[in-house]
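**Q** Next come a sequence and a model predicted from it.
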Amino acid sequence: MRYFKLTIAYDGTDYHGWQAQSNKPTIQGQIIGVLERLTQERIALHGAGRTDAGVHALGQVGSFRTQSALSAPEFQRALNALLPHEIRIVGCDEVGPTFNARWSARGKTYRYRLYRGKVVPPFIHRYVLHYPFPLDEDRMRDAAARFVGTHDFTSFAASTGSEEDDRERSTEREIFSTDLSRSPDNEELVFTVKGRSFLRYMVRKMMGTLLDVGRGKLAPEDIDRLYALKDRSKSGPTVPPQGLVMVEVIHEESWRVPT
């Protein structure tokens, strides 16, 4: 048996998220379909995270095992030849049997893009949220800094859809760093957050809360109050998915096969 790691970039606009679903196009489903054509095997593809419908990725990671004799470069070339153009395999590596895209992950980076200009250029409208109205960006930066550390993020996450699962899941998460800054052309406000792991809709809720701070509906100090409240109805809205991209998944170097 052989084991492979895929680094995947995709435009999620026309897909129902990462996770395979019956009768709906998904990123995982597309890749599994091609891998099964190439290997003539049933393939289980594990992802580092489940991006939601409309969310994009530059560095999603997947892992699978196979008895195929194809090399990593051959898998990469064949996958890119057969996958839709909005899904690209930007890296393929053979790994050891202990590597798992999800369980071996040590951190993730997400980015949310807010377009501040009057008119969104047509070439980027699928990748930004348009918000040309006044915002107090300094107060937003103050609030963003308060996400760093280990906190209970119940107020900044969606329900799993199951009351039982909501009761049993841990909502404590560690955020390594945040950054809220203007793009080089000064047209976008970009929120970048790095953390060990994230709850469902968590980054989009964080961004929505920062918008409410910028609009004056919340104060930066309210972030600490929201941790204590554990009430998602008190935080900002869940912003639309198109501005969000999974930038990178961090894995320990131990996944590499010795040469």
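**A** Perfect, I can see it now.
**Q** The stretch 151-259 of the chain: helices as residue ranges?
**A** Counting by DSSP state H, counting those that start in this stretch, one finds helices in the stretch 151-259 of the chain at the ranges 163-168, 202-214, 222-229.
**Q** tell me the average confidence for the first one?
**A** Summarised as a single mean, pLDDT over helix 163-168 is 52.
**Q** ok, and the closest non-adjacent residue to residue 219?
**A** residue 213 (6.9 Å; Cβ to Cβ, 6 or more residues apart in numbering). Every residue, glycine included, has its C-beta placed from N, CA and C.
**Q** residues touching that neighbour, list them.
**A** By Cβ atoms under 8 Å, 6 or more residues apart in numbering, the residues touching residue 213 are 136, 139, 140, 142, 143, 219, 220, 222, 236.
**Q** go again using 6 Å as the cut-off
**A** Residue 213 sits next to 139, 140, 143, 220 when contact means Cβ atoms under 6 Å, 6 or more residues apart in numbering.
**Q** can you count the residues close to the third one?
**A** Yep, that's residue 143 we're talking about. 26 (other Cβ atoms under 10 Å).
**Q** pLDDT wise, what is it at?
**A** pLDDT, residue 143: 98.
**Q** Work out for me the element it sits within.
**A** Of the helices and strands defined by DSSP states H and E, residue 143 is found in helix 137-145.
**Q** In the stretch 151-259 of the chain, where is pLDDT below threshold?
**A** 160-168, 253-259 (pLDDT under 70).
**Q** What ranges does it have for its strands?
**A** Using DSSP state E, counting those that start in this stretch, the strands found in the stretch 151-259 of the chain span residues 172-182, 188-195, 244-251.
**Q** what's the closest of the ones you listed to residue 27?
**A** strand 244-251 (10.8 Å; Cβ to Cβ).
**Q** relative to strand 188-195, how tilted is the closest one?
**A** 30 degrees (axes from the mean of the first three to the mean of the last three Cα atoms, to 10 degrees).
**Q** Parallel or antiparallel, list what pairs with strand 244-251.
**A** Applying DSSP bridges, strand 244-251 is found paired with strand 56-66 (parallel), strand 105-115 (antiparallel).
**Q** Show me the one of those that comes nearest residue 190.
**A** Residue 190 lies closest to strand 105-115 among these, at 5.5 Å (Cβ to Cβ).
**Q** quick one: buried residues of that closest one?
**A** Neighbour-count burial for strand 105-115, counted by 16 or more other Cβ atoms under 10 Å, picks out 105, 108, 109, 110, 111, 112, 113, 114, 115.
**Q** and if you look at stretch 220-240?
**A** In stretch 220-240, counting by 16+ other Cβ under 10 Å, buried: 220, 222, 223, 226, 227, 232, 235, 236, 238, 239.
**Q** And the residues you listed, which is closest to residue 24?
**A** Of the buried residues of stretch 220-240, the one sitting nearest to residue 24 (Cβ to Cβ) turns out to be residue 238, at 20.7 Å.
**Q** Hmm, residue 204 and that closest one touching each other?
**A** Yes: contact criterion Cβ atoms under 6 Å: residue 238 and residue 204 qualify, at 4.8 Å.
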